Structures are given as C-alpha cells and as structure tokens.
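> Got a sequence here, can you model it:
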Amino acid sequence: MELHITGDPAADQLLTDDAFALLTGMLLDQQVTMESAFAGPAKIRDRIGSIAPAAVAAFEPGAFVEVFKERPAVHRFPGSMAARVQALAETVHRDWDGDATLIWTKGEPDGKEVLRRLQELPGFGEQKAKIFLALLGKQCGLNAPGWREAAGHYGQEDSFLSVADIVSPESLVKVRASKQAAKAAAKAAKGGGTAGR
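Numbering: from 1, shown residues only. Model (predicted):
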C-alpha cells in the first residue's frame with residue numbers, strides 16, 4: 001500500500017519503501033505539521049546520502065545537527081530532534097539488526113507486544129507508539145492479533161484522529177479538524193471550563 005502523508009510524491013515513496021524512514025517521520029511528528037515531520041526522512045536521506053540506521057547512527061552528531069538546520073529545516077528543534085533521530089537509529093541498528101520491520105514482525109508478535117517494543121524506542125511514548133501501531137495496521141498491512149485494541153482509539157475504523165488515517169487530501173483535512181478540536185478541548189479543560197460563564 002502506498003502512503004500519502006506529505007503531499008510530496010518522493011517523500012511519500014520513501015515512507016512507503018523504507019520502514020526506518022517511516023519510524024523516523026513518526027518520531028519527528030511533534031510541534032510541527034504532520035506533513036513537515038514525515039517529509040523529514042527524505043531531507044535527511046538527500047543531505048547525507050542515506051536513511052539507513054547504521055549511516056544515521058554513525059554520522060558525526062554536530063554535523064547531523066547542521067543537516068537538520070539546513071533550509072528547509074528538518075525540524076524546528078534541530079538540536080534535540082537530531083539527537084533523538086540518532087538515538088533511534090542506534091537502537092534499530094543495535095537491537096534490530098538495522099531492520100526496523102523486525103520490531104513488528106520478529107517472532108510474530110501480537111499487537112500488545114508490538115506496542116511494548118515501540119514504547120521501548122527512544123522518543124516513543126505511549127501515545128506515539130499507539131499512533132504508529134495504528135498506522136502499521138491501517139496502512140502497512142500489519143495483521144498482528146489484537147493490534148486495534150492495543151492501539152486504543154487510534155485503531156478504530158474511520159476515526160480520523162491521527163496520521164494513521166491519512167490516505168488522501170480529504171482525510172488529512174478531517175484529521176487536522178479532529179486534532180484542532182482535541183487541542184481546544186484540552187485547552188478548555190486546563191482553563192477550568194470557565195469560558196462562557
């Protein structure tokens with residue numbers, strides 16, 4: 001299945017073809033737009049010549065930060081996010097033989113185990129791990145038993161809550177709307193719900 005997340009055919013093709021690129025896009029997906037985050041792996045590949053975990057992990061850290069800063073920037077927080085991407089690359093290289101797909105295929109794990117493995121990755125908290133699990137199940141052909149349950153509400157059919165549901169420009173609009181509604185609700189809850197009194 002082909003992914004359509006960034007609006008850039010070359011960047012989307014890389015996400016479709018390369019599991020580590022997809023994992024890196026998910027890692028970068030915070031405090032920037034989804035399209036920008038998931039276009040990041042293609043920028044990294046174009047600038048250092050590879051997105052292979054071994055190559056990313058071995059890149060000189062200071063120079064890697066500069067790769068992130070080059071315009072258009074890979075992320076608005078180049079220092080911290082470059083370090084996280086290198087930590088992720090190191091982990092995949094060391095623990096998963098440089099093959100990100102083994103995280104969700106080795107030993108035929110169920111959804112709960114895939115979620116556990118994802119949460120052990122640098123930069124992957126529970127929510128990010130659940131969204132990525134939903135993305136694998138909805139768009140990448142993962143059929144681990146119980147993946148929908150493990151992904152929580154992100155795993156529900158037609159939920160339009162995350163990148164896992166983006167398959168077209170129309171679905172992107174729906175996901176963006178639901179994210180904005182969630183943000184507004186969180187903001188209202190923080191303010192103690194005094195609005196309109």
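> Low-confidence regions, this protein specifically.
Within the chain, the stretches falling below the threshold (pLDDT under 70) are 192-197.
> again, only this time at 50
194-197 (pLDDT under 50).
> For the residue nearest to the spatial centre of it, grab phi and psi.
Nearest to the mean C-alpha position of the chain, counting by C-alpha atoms, centre = their mean, stands Met26 at 1.0 Å. As for Met26, its main-chain torsions (degrees, to the nearest 10) stand at phi -60, psi -40.
> what's the nearest residue to it if we skip its chain neighbours?
If you skip the residues right next to it in sequence, Met26 has Phe132 as its closest partner in space, 4.8 Å away by C-beta to C-beta, 6 or more residues apart in numbering. (Each C-beta comes from the backbone N, C-alpha and C, glycine too.)
> Contacts for stretch 109-123, please.
Here stretch 109-123 makes contact (C-beta atoms under 8 Å, 6 or more residues apart in numbering) with 23, 27, 84, 87-88, 91-92, 103-104, 124-126, 128-130, 132-133, 136-137, 142, 144-151.
> Just the buried ones among those, please.
Neighbour-count burial (16 or more other C-beta atoms under 10 Å) is assigned, among the contacts of stretch 109-123, to 23, 27, 84, 88, 91-92, 103-104, 124, 128-130, 132-133, 136-137, 142, 144, 147-148, 150-151.
> ok so, going back, what's the spacing between the residue nearest to the centre of the chain and Ile131?
To Ile131, Met26 is 7 Å away according to C-beta to C-beta, to the nearest Å.
> Return stretch 178-190 as CSV; C-alpha atoms alone will do.
Only the C-alpha atoms of stretch 178-190 are listed here, as CSV (Å, rounded to 0.1, in the frame of the first residue of the first chain):
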residue,chain,number,x,y,z
SER,A,178,-10.1,16.4,14.9
LYS,A,179,-6.7,17.4,16.2
GLN,A,180,-7.7,21.0,16.5
ALA,A,181,-10.9,20.0,18.3
ALA,A,182,-8.8,17.9,20.7
LYS,A,183,-6.4,20.7,21.3
ALA,A,184,-9.3,23.1,22.0
ALA,A,185,-10.9,20.7,24.4
ALA,A,186,-7.6,20.2,26.3
LYS,A,187,-7.2,24.0,26.5
ALA,A,188,-10.7,24.4,27.8
ALA,A,189,-10.1,21.7,30.4
LYS,A,190,-6.9,23.4,31.5
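> Going by neighbour count, list what's buried in it.
Of the residues in stretch 178-190, none is buried by neighbour count under the rule 16+ other C-beta under 10 Å.
> who touches that stretch?
Applying C-beta under 8 Å, 6+ apart, the set of residues contacting stretch 178-190 from outside is Ser159, Phe160, Leu161, Ser162, Ala195.
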